[in-house]
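Participant: What follows is a predicted structure for the sequence shown.
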Amino acid sequence: MVAERRILDVDRFSSGAEFRDFFKATYGPTIAVYQRLVAAGDTAGIADLDRALAELGDEYMRPDAPVMEWEYLLLTARLA
């Protein structure tokens with residue numbers, strides 16, 4: 001098995017709000033957190049999470065650096 005660290009350049013998001021909305025709609029762990037907050041009727045928690053995710057996106061989508069660099073680990077294995 002071979003493990004390689006790689007970087008994916010992400011330029012899909014034009015704002016922190018777009019970043020938040022993408023993860024809120026498509027990323028399983030984020031969806032699960034929102035579902036729990038909704039089920040609990042925690043509107044303050046939803047607003048806090050909305051704000052935190054948008055701020056995170058804004059932090060990395062600056063005008064001087066419009067591309068996020070996401071690191072991932074690629075594992076390659078061969079069957080014997």
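Facilitator: Structure's in. What do you need?
Participant: Next up, identify which helix or strand D9 is on.
Facilitator: Secondary structure assigned from DSSP states H and E places D9 in strand 2-10.
Participant: before we move on, what about R36?
Facilitator: Per DSSP H and E: helix 28-39 holds R36.
Participant: hmm, who's touching that helix?
Facilitator: By CB atoms under 8 Å, 6 or more residues apart in numbering, the residues outside helix 28-39 that reach it are 23-25, 45-46, 49, 53. All C-beta atoms are positioned from the backbone trio N, CA, C, and that covers glycine.
Participant: Could you rerun that using 10 Å?
Facilitator: Residues from elsewhere that reach helix 28-39, judged by CB atoms under 10 Å, 6 or more residues apart in numbering: 20, 22-25, 27, 42-50, 53.
Participant: Narrow those residues to those that are buried.
Facilitator: 20, 23-24, 46, 49-50, 53 (16 or more other CB atoms under 10 Å).
Participant: so can I have TSV of those residues showing pLDDT and secondary structure?
Facilitator: Putting the buried ones among the contacts of helix 28-39 into TSV (pLDDT from 0 to 100; DSSP: H, G, I helix; E, B strand; the rest coil) gives the following:
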residue	pLDDT	secondary structure
R20	96	helix
F23	95	helix
K24	96	helix
I46	98	helix
L49	98	helix
D50	98	helix
L53	96	helix
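Participant: Spatially central residue for this protein, please.
Facilitator: Central residue check for the chain by CA atoms, centre = their mean: the C-alpha nearest the mean position is that of F23, 5.3 Å away.
Participant: Grab the nearest non-local neighbour of that residue.
Facilitator: Distances taken as CB to CB, 6 or more residues apart in numbering place T30 nearest to F23, at 4.5 Å, with adjacent residues excluded.
Participant: what's the neighbour count on the one you found?
Facilitator: 16 (other CB atoms under 10 Å).
Participant: How about R36?
Facilitator: 11.
Participant: same deal with Y60?
Facilitator: Other residues lying near Y60 total 16 when counted by other CB under 10 Å.
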